[in-house]
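A.B. asks: Sharing a model that was predicted from the sequence below.
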Amino acid sequence: MSEVDNRLVMDQPVERNLLDRGKQGVVGKGLDRVDGPLKVTGRARYSYEEPVENVAYGIVLTSEIGHGRIAGIDAETARAAPGVIAVIVDHPLLPSDGASGTALPRTLPQIENYGQAIGILVAETLEAARSAAHLVRVEYRPEPGRFDMMAHIDELEHEPPTRLVPDQHKGDLDAALAESAIVFDATYTTPFHLPVALEPHAAIAIWTGDKVEIHSSLQLLKGSLAAISASLQLDPANVRILSPYIGGGFGGKTGVGPETVLAAIAAREIGRPVKVAVTRRQTAHLVHHRCDTRQRIRIGCTADGNILAIGHESIVTQKKDRIFIEPVSIGSFGLYAGDARRFTQSVVRLDLPQASAVRAPGEAVGMLTLETAMDELAEQLGLDPIEFRKRNEPAQNPLRGVPFSTRRLIECYDEGARRFGWDQRNPVPGETRDGEWLVGMGMAAAVRNNLLVESQARVRLTPEGRAIVETDMTDIGTGTYTILAQIAGEMLGLPLDRVEIRLGDTDFPHAAGSGGSFGAAASGSSVALACEEIIGRLAALMDATPEQLTLQDGIATARNRRKPLAELLDGKAMEALGTIQQGKNGQAFSQASYGAQFAEVAVNGVTGETRVRRLLGVFDCGRILNAKTARSQAVGGMIWGLSYALHEEAVVDTRSGAFVTRDLAEYHVAANADVPQIEAYFLDATDPYANPLGVKGIGELTVGGTGAAIANAIYNACGVRAREFPLTLDRLLQGLPPV
Ligand code: MOS
């Protein structure tokens, strides 16, 4: 049976949301995760847990200098240690670092950064491998390295040739600033961030002849298949990647790490399956990080607060030759009015591990600063921060001059202010006290670019009337299994126990993967399109049009006839592909999700410690597929925002180029004790230009703005405006008013 592919290119608004006709009533509900029982009982297998016979254990060997060369490696003692099978340090395919979609040439004996992979040791047990790894003697020829942005700021590279987003110029920023009654000009800094997924980066490689099966924790399987095949110099048809469960990615699993390629190399060399997990302390160097940033924000406006000019110019860091440049100002492009606009990104090249996508690349750090600047300027103007933002709400995208697809930001402000009790805020800083605590409120806008990435899925309706969905989409903990089951169940009229979702296998049709908050929209649309094709065929069997057909609880009804699916299918299965693709809508409209974030904090007047008391967010991110998983994403995103504002800071030892914050004791992410009451609400209104479901990205949207709302609340509480993140107590103490 040749499969029909129901392909939709988004060239126009979708007139009818594919989910609107469903009668099953499962879409939008706050249903529990379908994979929940598997996870809480330990039956969901993560990449390192796949049982494999005769498996050997690998340890990634890493460099102990930050820059220089390897003069020699003495592995003989290690090779002779108990249980050691092989030490591989001179293989032609050895990767030097993670390959975000690209295979890298072997760079040994050159050391480009501290903690770089230089080989792999394989043993009979994990303990034998870890013990013997210490016996590998490496002789280095260290060279001076570049480990500090400010020490090399005079070597700034303007307009790096490859960027996610190019520099943006509109009008004459300097002239417009000169003509502005009020000019705001401030520079902010944000530190290095680590993605810190809870599940280790890990891989198992199993060869059968020339084919390799790889179990690895990866967010984007299509790109990973290309990267792994290229790194191993294999035809992609000979590579299968399995990644059915992922214990958090946070951007760190968007690329392929060296452990995956090393496991495959070692398994082939020793003729046995090999499993490798990156240790927590290795993760800081073997997995990419978010670069540090220095951001200058200039805003010029009239005396009554109409913005005329806005500039967001950033300096970021990156390893040489790497193409990812943190798109710091992407959220600033179209958020506020103003004719003159300048958004630039310059880079200082450092000898650190590569920088790449971490939890909302761009907006996470860009909104932190822009939205703090907006608060500072609102105060200077004597305007309420919400009123200032409303005065500068643009009618269309002010940079590109195209209409917004949908934008309900004003509604987010109003709904948020009402629910939060914004009218209770005292605009004068430092006046609200609770014992020795200074209490304040702050708010910020949130925006996240909405993307549609090509995605494909196969849906099979079995003769018994069960649906099986297959796509190489991943579920990084966000609830993909559940929302895809809801979509298929809604459209085919099946209770969820009659829908099976199979994900994370590159033998299935290729999906967008999980990244950039585009997963649900893309993979959900492909599943819905496959279901639409099946609905058409079921209607034909009923001698009806699809509009006349109702599917509910496994029963088809049309033209006064009623048939259980099992009877209608008459022993035959039905199968269809669905494919969604971006078209003209991507350029013709400005597509984003929006939100308004509110925070109440208390700053201790004696110690300077900040405790967040309340967070509330109202979000406009299209149709909500599952009220519970959507809320969980928002709560998680807001916690990451809190974490950026107050805690997260990866510190580089500028003598060695090593991150010294290598574990979760030293690299502090918000823990339960840091997290207050959090409320998240959704406007739940579809965007017909986004995709046939009208859904938009949630996760990363909800990160943006949270940190700035907290920073602004800190200022409102204690009157101290720190412009270096995170806002740790040492940065607040000096300016605190007397208790
Ligand atoms: Mo995301 S940081 O694009 O996984």
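C.D. replies: The structure has been received and is ready for your questions.
A.B. asks: need the residues of the stretch 351-500 of the chain near the ligand, please.
C.D. replies: Ala357, Val358, Arg359, Pro361 (C-beta under 6 Å from any ligand atom). No exception for glycine: its C-beta is placed from N, CA and C like everyone else's.
A.B. asks: again, only this time at 8 Å
C.D. replies: Contact residues, the stretch 351-500 of the chain versus the ligand (C-beta under 8 Å from any ligand atom): Ala357, Val358, Arg359, Ala360, Pro361, Ile476.
A.B. asks: Just put the residues you listed in a markdown table and tack on neighbour count.
C.D. replies: Formatted as a markdown table, those follow (neighbours: other C-beta atoms under 10 Å):
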| residue | neighbour count |
| --- | --- |
| Ala357 | 27 |
| Val358 | 26 |
| Arg359 | 24 |
| Ala360 | 30 |
| Pro361 | 25 |
| Ile476 | 24 |
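A.B. asks: which of these sit farthest apart?
C.D. replies: Pro361 and Ile476 (15.4 Å; C-beta to C-beta).
A.B. asks: element containing the residue in the stretch 251-400 of the chain positioned nearest to the ligand?
C.D. replies: The minimum distance from the stretch 251-400 of the chain to the ligand, using C-beta to the nearest ligand atom, falls at Gly251 (2.6 Å). Following DSSP states H and E, one finds Gly251 outside all helices and strands.
A.B. asks: who's in contact with it?
C.D. replies: Neighbouring residues of Gly251 by C-beta atoms under 8 Å, 6 or more residues apart in numbering: Pro195, Gln219, His288, Arg290, Ser356, Ala357, Val358, Arg359, Pro361, Gly515.
A.B. asks: Next, format the residues you listed as JSON lines and append pLDDT, distance to Arg466 and secondary structure.
C.D. replies: Formatted as JSON lines, these follow (pLDDT from 0 to 100; distance: C-beta to C-beta, whole Å; DSSP: H, G, I helix; E, B strand; the rest coil):
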{"residue": "Pro195", "pLDDT": "97", "distance to Arg466": "37", "secondary structure": "coil"}
{"residue": "Gln219", "pLDDT": "98", "distance to Arg466": "29", "secondary structure": "coil"}
{"residue": "His288", "pLDDT": "96", "distance to Arg466": "41", "secondary structure": "coil"}
{"residue": "Arg290", "pLDDT": "98", "distance to Arg466": "43", "secondary structure": "strand"}
{"residue": "Ser356", "pLDDT": "96", "distance to Arg466": "40", "secondary structure": "coil"}
{"residue": "Ala357", "pLDDT": "96", "distance to Arg466": "37", "secondary structure": "coil"}
{"residue": "Val358", "pLDDT": "97", "distance to Arg466": "39", "secondary structure": "coil"}
{"residue": "Arg359", "pLDDT": "97", "distance to Arg466": "37", "secondary structure": "coil"}
{"residue": "Pro361", "pLDDT": "96", "distance to Arg466": "39", "secondary structure": "coil"}
{"residue": "Gly515", "pLDDT": "96", "distance to Arg466": "30", "secondary structure": "coil"}
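A.B. asks: Nearest residue to the middle of the protein?
C.D. replies: Arg359 (4.2 Å; C-alpha atoms, centre = their mean).
A.B. asks: any idea how far that one is from His193?
C.D. replies: 7 Å (C-beta to C-beta, to the nearest Å).
A.B. asks: what does Pro236 give?
C.D. replies: Where His193 is concerned, Pro236 sits at a distance of 32 Å (C-beta to C-beta).
A.B. asks: Who has more neighbours out of those two?
C.D. replies: Higher neighbour count among Pro236 and His193: His193, with 28 against 14, using other C-beta atoms under 10 Å.
A.B. asks: List the strands paired with the helix or strand of the chain with the lowest mean pLDDT, with their directions.
C.D. replies: Ranking every helix and strand in the chain by mean pLDDT, DSSP states H and E puts strand 110-111 at the bottom, with a mean of 90. Sheet partners assigned to strand 110-111 using DSSP bridges are listed as strand 68-74 (antiparallel).
A.B. asks: Could you point out the helix or strand that follows the partner strand?
C.D. replies: helix 76-80.
A.B. asks: who does the helix or strand following that next one touch, helix- and strand-wise?
C.D. replies: Counting by DSSP H and E, the next helix or strand C-terminal to helix 76-80 is strand 84-88. Under the contact criterion of 3 or more C-beta pairs under 8 Å, 6 or more residues apart in numbering; DSSP states H and E, strand 84-88 touches helix 76-80, strand 117-123, helix 126-133, helix 258-270.
A.B. asks: follow-up on the earlier one: what distance do you get for the residue of the stretch 251-400 of the chain closest to the ligand to Gly331?
C.D. replies: Applying C-beta to C-beta to Gly251 and Gly331 gives a distance of 16 Å.
A.B. asks: cool, and Leu615?
C.D. replies: From Leu615 to Gly331 the distance is 19 Å (C-beta to C-beta).
A.B. asks: now Ile714
C.D. replies: On the measure of C-beta to C-beta, Ile714 and Gly331 end up 21 Å apart.
A.B. asks: just the helices in the stretch 401-550 of the chain please.
C.D. replies: Using DSSP state H, counting those that start in this stretch, the helices assigned to the stretch 401-550 of the chain run over residues 409-420, 480-492, 519-541.
A.B. asks: Provide a list of residues in contact with the closest residue to Glu648 other than its chain neighbours.
C.D. replies: Spatially, and ignoring its direct neighbours in sequence, Glu648 is nearest to His193 (5.4 Å; C-beta to C-beta, 6 or more residues apart in numbering). The contact partners of His193, by C-beta under 8 Å, 6+ apart, come to His289, Arg290, Val358, Arg359, Ala364, Val365, Tyr644, Glu648, Glu649, Ala650.
A.B. asks: And for Val196?
C.D. replies: Phe250, Gly252, Thr283, Leu664, Tyr667, Val669.
A.B. asks: So for stretch 586-605, mean pLDDT?
C.D. replies: Taken as a whole, stretch 586-605 carries a mean pLDDT of 97.
A.B. asks: how far is it from where the chain is centred?
C.D. replies: Distance of stretch 586-605 from the chain centroid (C-alpha atoms, centre = their mean, to the nearest Å) equals 16 Å.
A.B. asks: go on, stretch 126-139?
C.D. replies: 34 Å.
A.B. asks: now stretch 22-34
C.D. replies: For stretch 22-34, the distance to the chain centre is 25 Å (C-alpha atoms, centre = their mean).
A.B. asks: For that stretch, C-alpha coordinates in CSV please.
C.D. replies: The C-alpha coordinates for stretch 22-34 follow below in CSV (Å, rounded to 0.1, in the frame of the first residue of the first chain):
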residue,chain,number,x,y,z
GLY,A,22,-13.6,16.7,16.8
LYS,A,23,-16.3,15.3,19.1
GLN,A,24,-14.1,13.2,21.5
GLY,A,25,-13.6,16.2,23.8
VAL,A,26,-10.1,15.4,24.8
VAL,A,27,-8.2,18.4,23.3
GLY,A,28,-7.6,21.3,25.7
LYS,A,29,-8.4,19.2,28.8
GLY,A,30,-5.9,19.1,31.6
LEU,A,31,-5.3,15.3,31.1
ASP,A,32,-2.5,13.5,33.0
ARG,A,33,0.5,12.5,30.9
VAL,A,34,0.0,9.2,29.2
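A.B. asks: With Leu538 as the reference, measure out to the residue lying farthest from the centre of the chain.
C.D. replies: Going by C-alpha atoms, centre = their mean, the residue of the chain most distant from its centre is Asn560, 48.4 Å out. In this view, Asn560 and Leu538 are 16 Å apart by C-beta to C-beta.
A.B. asks: Same question for His668.
C.D. replies: Relative to Leu538, and taking C-beta to C-beta, His668 is found at 54 Å.
A.B. asks: Glu376 too?
C.D. replies: For Glu376, the distance to Leu538 - C-beta to C-beta - is 59 Å.
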